[in-house]
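> Here's a sequence, model it:
(chains A and B)
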Amino acid sequence: MKIASWNVNSVKVRLPHLVAFLEDAKPDVLCLQETKCLADEFPRLELAALGYRVETLGQRAYNGVALLSREPARDIVCGLPGFADEQARYLEASFGAAAGEVRVASAYIPNGNPVGPDNSTGDLSDKFTYKLAWMERLVGHARELLRREIPFVLAGDYNVCPTDEDVYDPPAWRDDALCRIETRSRFRALIHLGLTDAYRAFHPEPHRYTFWDYQAGRWNRDEGLRIDHLLLSPQAADRVAACEIDKGPRGKERASDHTPIWCELAV
DNA sequence: ATGTCGCGTGAAACGCGA
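Sure thing, here's the model as predicted:
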């Protein structure tokens, strides 16, 4: 089972690239983030023509997540369980039958910038504390999923650079919400539960990125960040056969600022 | 390079989020 994740930064604008990726990579499940469209406006017909079903938690203008799949999704969960969230950032479902069952989540973790302090009190900003609270609930939910002892993949745009090796210019990004120690410690909490960073399991080399800012020629200079991740439960890690970043879509005209990442599970 | 996108508003250029 091939599972991919991609922050498309508007599914309507990126539809031609999305179609090309599905035809080229042929994932069984594709997790999308930043679809930026309501469920009723999702381009379902074009995707159905390729044999893909759509489940989505949509929102106007911002956020929005989706699960595209060849087989129907089961036991769909909309929103991060136990977290009252006005923003469309989490969708989870099961795919595959019997021994081949895999639970897959498409997550869009808050950016969290600016970190703050944003007033005279010296407190961290509301955006950053929202990010940290969101991540803490994700840790709690991952712990709940682990109790089921089934393979699962937490996929998505984490807005986290796990280490300085995932950043083109660590000093410049040190105080950014994507690199702050509070952010990294919550990502490590997921790892410490026993989850596997699928990309790192196959690729120890530094400076491999999934995101390049639109500004300042970052793509042409390969100055990016590794912020899109596939975290595998132990049962999924036992089955993972490959994990790659597909840089192709980022190099196209009118590209998303993120590029897809995928893994293959032997099920 | 203070450098770019996508979206909503509302009918062009701006604010927001990233």
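> what are the ranges of the helices in the stretch 151-267 of chain A?
Using DSSP state H, counting those that start in this stretch, the helices of the stretch 151-267 of chain A run over A:170-173, A:181-192, A:198-202, A:218-221, A:234-237.
> for the last one, packing partners?
Helices and strands touching helix A:234-237, by 3 or more Cβ pairs under 8 Å, 6 or more residues apart in numbering; DSSP states H and E, are strand A:152-157, strand A:196-197. C-beta coordinates here come from the backbone N, C-alpha and C atoms, glycine included.
> among the ones you listed, which is the most enclosed?
strand A:152-157 (a mean of 27; mean count of other Cβ atoms under 10 Å).
> tell me the contacts of the residue nearest to residue A:114 when sequence neighbours are not counted?
Excluding the flanking residues, the one nearest residue A:114 by Cβ to Cβ, 6 or more residues apart in numbering is residue A:125, at 5.6 Å. Applying Cβ atoms under 8 Å, 6 or more residues apart in numbering, we find residue A:125 in contact with A:114-118.
> Closest one to residue A:184 out of those residues, please.
residue A:115 (13.0 Å; Cβ to Cβ).
> Just want the residue of chain A that's nearest DNA strand B.
Proximity of chain A to DNA strand B (Cβ to the nearest atom of the strand) peaks at residue A:10, 3.1 Å away.
> JSON lines for the helices of the stretch 151-267 of chain A, including distance to DNA strand B?
Shown next, in JSON lines, are those (distance: least, Cβ to the nearest atom of the strand, whole Å):
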{"stretch": "helix A:170-173", "distance to DNA strand B": "10"}
{"stretch": "helix A:181-192", "distance to DNA strand B": "14"}
{"stretch": "helix A:198-202", "distance to DNA strand B": "20"}
{"stretch": "helix A:218-221", "distance to DNA strand B": "9"}
{"stretch": "helix A:234-237", "distance to DNA strand B": "27"}
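> what's the closest of those to residue A:28?
Across the helices of the stretch 151-267 of chain A, closest to residue A:28 is helix A:234-237 (Cβ to Cβ), at 13.5 Å.
> From the chain's centroid, how far away is the closest one?
On the basis of Cα atoms, centre = their mean, to the nearest Å, helix A:234-237 sits 18 Å off its chain's mean C-alpha point.
> buried sites along that helix?
Neighbour-count burial for helix A:234-237 flags A:235-237 (criterion: 16 or more other Cβ atoms under 10 Å).
> Among those, pick out the one closest to residue A:193, please.
Residue A:193 lies nearest to residue A:237 out of the buried residues of helix A:234-237, by Cβ to Cβ, at 12.1 Å.
> related to what we said a few turns ago, which of the contacts of residue A:125 ranks first by neighbour count?
residue A:115 (20 neighbours; other Cβ atoms under 10 Å).
> Mind pulling up the pLDDT for that residue?
Looking at residue A:115, its pLDDT reads 97.
> For it, pull up the helix or strand it's in.
Here residue A:115, judged by DSSP states H and E, is contained in no helix and no strand.
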